[in-house]
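In: Quick one, structure for this:
(one chain, ligands or ions: 1)
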Amino acid sequence: MKAKRRVVTASGAGAPVRRRPTVRKVKSAIVPAPPKPAVPKAPASVAARPQPAAPSPEPAERDAAPTSVDLTVDIGRGLVLPNPILVASGTFGYGVEYGDIVDVNRLGGICCKGTTLRPRIGNPTPRVTETPGGMLNSIGLQNPGVGAVIERYADTWAGWRVPVIVNVAGESVGDYVEVVRRLDGVPGIAGIELNISCPNIGRGGLQFAIDADAAASVTAAVRRATDLPLLVKLSPNVADVRPIARAIADAGADALTAVNTLSGIAVGPTRERPLLGNIYGGLSGPAIKPVALRIVYEVSQVVDVPVIAIGGVTELADVLDFLAVGAVAVQVGTAIFADPTLPVRLADELASVCRTRGLASYRPLIGTALPRRASAPSSKGVEYRP
Ligand SMILES: Cc1cc2nc3c(=O)[nH]c(=O)nc-3n(C[C@H](O)[C@H](O)[C@H](O)COP(=O)(O)O)c2cc1C
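Out: Residues are numbered from 1 along each chain as shown. A predicted model of the protein is given here:
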């Protein structure tokens, strides 16, 4: 018999996930950012950019400012996040590692490290290197396997208010389905995020994410295996992501996450071989933000499911940019290595900016940079000529 699933809802018992917006006069609409604890030093190129001081509201805006801002977001199938700032898979472990420095319950959601059917030791070293504006990684999905993940972490997750979304990887449709079957119904698991940027052994190692049919079939198979909210993560390593995004949405995904890392390599210091043990790595960090923005802009116009943006978020301006091109939420990844407290601060800053603008919810910020006509196709994707 399946254990009862914990789904976070707007009215979840004991979980203050939805704050009713009330509009009344307040002295100051700005909530000061919490003091930063000492964190390990990160490479300069991935360090969060300096935070500009939040502007003081004009008197008229102060009068209109609501005291509480509704940051909740429904990403499908009853999964309501308390706020739209999540942490990205592979950059926040299983959440428990950060318990001493981050109040995890103030995050919008946690996407845990990629989880496979069997344990994986990962790729040969070196596995990471710094790049201008980011980093390359080829961790190779090192993880203890789905059984160990459930055994070690699910009880802890079940005690948290923050929804934990398990990122799932595999080498065949059967792998994905089996992992998801094991996760289905386990208390503490609020949703699934499929990492489909993995080689499909059955199709000569072609990644699921670069082919609409392969992406749709793994999505459909997983959809049949679980009622958990299902997010599917798009790869940026394709010429046109829109047919793939549509195929995934049609196959039953509740939401899309965009994007995974961009494929790249670095050359070793002696120039005799590529630097990374696996040769190829995934580029992440501020360097990929324009690519991620373009993809979110394109995808959010061709699917009806929510789109969650990922790629180079280091400050509130990045969050606002992604919302403007249609994302309903964002994930923070590489920037966490520089400052694990950043995602919580971004949620506070998003609320502050809404108060300053007299908004009771952040939703009016979504899609403001999209073409005016709701049904208009993306002109940029068609007209752009490099
Ligand atoms: C060290 C590292 C490990 C990652 N591991 C995973 C993973 O296991 N599964 C996955 O879907 N994405 C993984 N990612 C990709 C991130 O979740 C994210 O999509 C990407 O880094 C872009 O976001 P960012 O620029 O904010 O880092 C990893 C990224 C990094 C840097």
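In: and residue 221, how many neighbours?
Out: 17 (other C-beta atoms under 10 Å). (Glycine included, C-beta is placed from N, CA and C.)
In: That one falls within a helix, correct?
Out: Yes: according to DSSP: H, G, I helix; E, B strand; the rest coil, residue 221 belongs to a helix.
In: List the residues that contact it.
Out: Residues in contact with residue 221, defined by C-beta atoms under 8 Å, 6 or more residues apart in numbering, are 173, 176, 177.
In: Which pLDDT value goes with the closest residue to the ligand within the stretch 201-350 of the chain?
Out: As assessed by C-beta to the nearest ligand atom, the ligand sits closest to residue 333 within the stretch 201-350 of the chain, at 2.5 Å. The model reports residue 333 with a pLDDT of 98.
In: Leaving out sequence neighbours, find the closest residue to it.
Out: Of all residues not flanking residue 333 in the chain, residue 88 sits nearest, at 3.5 Å (C-beta to C-beta, 6 or more residues apart in numbering).
In: Isn't that neighbour up against residue 332?
Out: Yes: the pair residue 88 and residue 332 passes the contact test of C-beta atoms under 8 Å, sitting 6.2 Å apart.
In: and the residue of this protein nearest the ligand?
Out: Closest approach between the chain and the ligand, counting by C-beta to the nearest ligand atom: residue 90, at 2.0 Å.
In: For the stretch 151-300 of the chain, which residues are neighbours of the ligand?
Out: Contact residues, the stretch 151-300 of the chain versus the ligand (C-beta under 6 Å from any ligand atom): 167, 195, 233, 260, 261, 284, 285, 288.
In: check contacts around the last one.
Out: Taking C-beta under 8 Å, 6+ apart as the definition of contact, the neighbours of residue 288 are 134, 236, 259, 261, 262, 311, 312.
In: swap the cut-off to 6 Å and go again
Out: Neighbouring residues of residue 288 by C-beta atoms under 6 Å, 6 or more residues apart in numbering: 262, 311, 312.
In: hang on, it is in a helix, isn't it?
Out: Yes: counting by three-state DSSP, residue 288 is part of a helix.
In: Quick check: chain neighbours aside, which residue is closest to it?
Out: Nearest residue to residue 288, sequence neighbours excluded (C-beta to C-beta, 6+ apart): residue 311, at 4.7 Å.
In: thinking again about what came up before, can you get me a residue count around the residue nearest to residue 333?
Out: Other residues within reach of residue 88 by the criterion other C-beta under 10 Å amount to 26.
In: wait, isn't it in contact with residue 331?
Out: Yes: contact criterion C-beta atoms under 6 Å: residue 88 and residue 331 qualify, at 3.9 Å.
In: Need the residues touching each of the two.
Out: Common contact partners of residue 88 and residue 331 (C-beta under 6 Å, 6+ apart): residue 310.
In: so the residue of the chain closest to the ligand sits right up against residue 113, yeah?
Out: Yes: counting by C-beta under 6 Å, residue 90 touches residue 113, with 5.5 Å between them.
In: where exactly do the helices run in the stretch 101-250 of the chain?
Out: 146-158, 173-183, 212-225, 242-250 (DSSP state H, counting those that start in this stretch).
In: one step back: pull the number of nearby residues for the residue of the stretch 201-350 of the chain closest to the ligand.
Out: Around residue 333 there are 29 residues (other C-beta under 10 Å).
In: sorry, back to before: spit out the contact partners of the residue nearest to residue 333.
Out: 111, 310, 331, 333.
In: Now for the second one: which residues touch it?
Out: Just to be clear, that refers to residue 310. By C-beta under 6 Å, 6+ apart, residue 310 lies in contact with 88, 257, 331.
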